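*Asks:* no sequence on this one, just coordinates:
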C-alpha cells in the first residue's frame with residue numbers, strides 16, 4: 001500500500017501561483033510514476049502532469065504546459081506541482097496519484113490521495 005497526502009491548495013487570484021505537495025509513505029517504490037490529476041465540478045477527472053522517481057521523464061497536459069512544473073524530492077519522497085499564471089479554469093480538486101508505469105491514463109494509477117482544492121478567482 002502507498003499512502004498519499006496532498007497539501008498546498010487554496011484560493012488565489014487569476015495570474016497568481018500556488019505550489020502543491022504530495023507526500024508519499026508506505027510501500028513507496030522508485031519504480032512508481034507520480035502524477036497529478038484534477039476534477040472540476042460536473043467534469044471528469046483529467047490528467048495534469050506525471051513524473052518518475054528515477055529519471056527526469058515528465059509529461060504535461062497541453063492546458064498546463066508552460067505554466068505548471070512538476071518536481072520531486074527523492075529524499076523526502078514528495079512530489080510538487082508548481083502552478084503559475086493560474087486561470088479560473090484551473091479551479092478544481094487536485095489529486096496526487098501513483099502508478100506502476102509512466103502513463104497519462106488515470107485508469108493505470110493504483111493509489112490516490114484525498115485531494116486538495118484549488119480555487120482561482122477572476
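*Replies:* Cool, the structure landed. Note that the structure is a prediction, hence the values are computed from the model and not measured. Numbers count the residues shown, from 1 in each chain.

*Asks:* Quick check: mean pLDDT of stretch 100-109?
*Replies:* The predicted model gives stretch 100-109 an average pLDDT of 94.

*Asks:* Can you show me the helices along this structure?
*Replies:* In order along the chain, the chain carries no helices (DSSP state H).

*Asks:* Please name the nearest non-neighbouring residue to the residue nearest to the spatial centre of it.
*Replies:* Taking CA atoms, centre = their mean, the centroid of the chain lies closest to residue 36, which sits 2.3 Å from it. Excluding the flanking residues, the one nearest residue 36 by CB to CB, 6 or more residues apart in numbering is residue 48, at 4.2 Å. Any C-beta I mention is one placed from the backbone N, CA and C, and that applies to glycine too.

*Asks:* quick one, strands of this protein?
*Replies:* For the chain, strands defined by DSSP state E occupy the ranges 2-7, 10-13, 18-26, 33-39, 46-52, 58-60, 68-73, 78-83, 92-99, 111-112, 116-121.
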